[in-house]
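K.L.:
A predicted structure for the sequence below; I have some questions about it.
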Amino acid sequence: MNKVAAAVLCAVITSGCGHSVAGTPAATPQKALSAPEQRHLELEDALRAADPCGLLDEGPLRDFGPILQYGSAVQLSVCSALMAGPRGGTTYVELSLLPSMLSGKSLTEPDTVDGVTVYGGAGADLARGTCERVFQLELGSLEVAPQLATVRAGTVAGEDVCPLVDAVLVSAIDAMASGLPGRGSSSRQVALASHDPCEVLGVLGDAAGGRVVDPAAAPTPFDCVLFPTRREPGTEVTVTFTLAPINGNRPRVQADPEMVGDRCQWSTPVGEPIDVTRPGAQVDEFTRKLGSAGAVVTVHGPNCTEVARVAEAATTVFG
């Protein structure tokens with residue numbers, strides 16, 4: 001199972017929009033889950049339901065400059081903001097519920113803030129104008145290994161941006177005192193994020209071989225590895241939710257799966273695009289384009305017949 005999960009890891013970037021996300025049948029497990037597998041799925045459900053912007057309060061941000069952009073336009077698990085910075089530059093801050101590229105120094109200098117474990121890390125990097133803090137998420141009664149989140153910020157070189165990171169960290173810890181904030185229906189939200197990519201199993205029905213669950217792996221709430229017909233190597237398919245820049249384009253919905261290298265893939269834009277740039281904000285065109293994004297559903301695997309079957313189910317569920 002671990003080999004299957006590793007083999008199907010793939011990131012596909014496709015920009016666009018165009019479909020609405022309607023109510024869908026719940027994913028069916030297809031087989032009995034072990035207790036560790038069930039806890040792993042409960043963790044993914046909790047992370048998918050959590051709103052990263054609910055932990056990135058605008059109040060502390062305004063103390064460090066006018067907000068130019070705010071929202072989730074890069075990853076579904078990340079909320080970011082861009083502010084006017086010192087010396088005519090800009091300052092960015094991002095809060096990630098699924099951090100990547102944590103270095104060995106990231107988990108040094110442990111401390112406790114209001115009962116929450118935090119890691120001070122290496123402190124300010126003045127040469128780059130960056131700072132990072134790591135903290136443990138409040139997951140209530142879930143019996144899972146500690147899950148970490150990050151607050152990262154950057155500004156012009158030579159400036160210490162750690163005071164901003166620390167202000168955001170304290171605010172985030174306060175915001176999750178009674179649990180992780182859930183996603184709402186505001187314009188900053190991507191509707192697809194509230195869905196489980198494994199909901200396609202509800203359309204595939206009892207003939208499907210079920211989903212792949214690896215309790216030893218890191219949670220991937222916006223990916224689902226499944227067997228659409230039978231549990232045999234080479235028939236597994238992955239359904240992935242991503243965000244992609246719009247860049248002013250509204251591409252066509254992909255009609256049929258296509259081979260890309262040695263893998264078959266199909267993708268479609270879903271829902272309305274979001275624009276996180278504040279009205280009247282003075283940003284360059286490149287930055288403005290980065291702030292406009294749309295959700296994308298991608299289905300990929302080694303077998304085009306199986307990919308096409310899941311793509312049809314995904315169209316029914318998410319399109």
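P.N.:
Happy to help now that I have it.

K.L.:
Which parts of the stretch 151-300 of the chain are strands?
P.N.:
Under the criterion DSSP state E, counting those that start in this stretch, the stretch 151-300 of the chain carries strands at the ranges 210-211, 223-227, 237-245, 258-260, 263-275, 292-301.

K.L.:
From the chain's centroid, how far away is the last one?
P.N.:
Think strand 292-301. When C-alpha coordinates are averaged (C-alpha atoms, centre = their mean, to the nearest Å), strand 292-301 and its chain have centres 12 Å apart.

K.L.:
Check the second one too.
P.N.:
Taking the mean C-alpha point of strand 223-227 and that of its whole chain, the gap between them comes to 16 Å (C-alpha atoms, centre = their mean).

K.L.:
Can you give the strand pairings for it, parallel or anti for each?
P.N.:
Within its sheet, and counting by DSSP bridges, strand 223-227 is paired with strand 210-211 (antiparallel), strand 237-245 (antiparallel).

K.L.:
got those strands as a markdown table, with mean pLDDT, mean neighbour count and distance to Val190 columns?
P.N.:
Where C-beta positions appear, they are placed from N, C-alpha and C, glycine not excepted. Listed next are these as a markdown table, based on pLDDT from 0 to 100; neighbours: other C-beta atoms under 10 Å; distance: least, C-beta to C-beta, whole Å:
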| stretch | mean pLDDT | mean neighbour count | distance to Val190 |
| --- | --- | --- | --- |
| strand 210-211 | 92 | 22 | 23 |
| strand 237-245 | 94 | 24 | 7 |
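
K.L.:
May I see those arranged in JSON lines, with distance to Glu199 as well?
P.N.:
Written out in JSON lines, the entries for these read as follows (distance: least, C-beta to C-beta, whole Å):
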{"stretch": "strand 210-211", "distance to Glu199": "11"}
{"stretch": "strand 237-245", "distance to Glu199": "9"}
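
K.L.:
Any idea which of the ones you listed gets closest to His195?
P.N.:
Nearest of those to His195, taken as C-beta to C-beta: strand 237-245 at 7.6 Å.

K.L.:
how deep is Val151 tucked in, by neighbour count?
P.N.:
As a burial measure, the neighbour count of Val151 was computed by other C-beta atoms under 10 Å and equals 25.

K.L.:
With distance to Phe135 added, can I get the strands of the stretch 151-300 of the chain in JSON lines?
P.N.:
Conversion of the strands of the stretch 151-300 of the chain to JSON lines gives the following (distance: least, C-beta to C-beta, whole Å):
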{"stretch": "strand 210-211", "distance to Phe135": "30"}
{"stretch": "strand 223-227", "distance to Phe135": "24"}
{"stretch": "strand 237-245", "distance to Phe135": "24"}
{"stretch": "strand 258-260", "distance to Phe135": "38"}
{"stretch": "strand 263-275", "distance to Phe135": "26"}
{"stretch": "strand 292-301", "distance to Phe135": "26"}
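
K.L.:
Determine which of those approaches Ser77 most closely.
P.N.:
Taking C-beta to C-beta, strand 237-245 is the member of the strands of the stretch 151-300 of the chain nearest to Ser77, at 10.0 Å.
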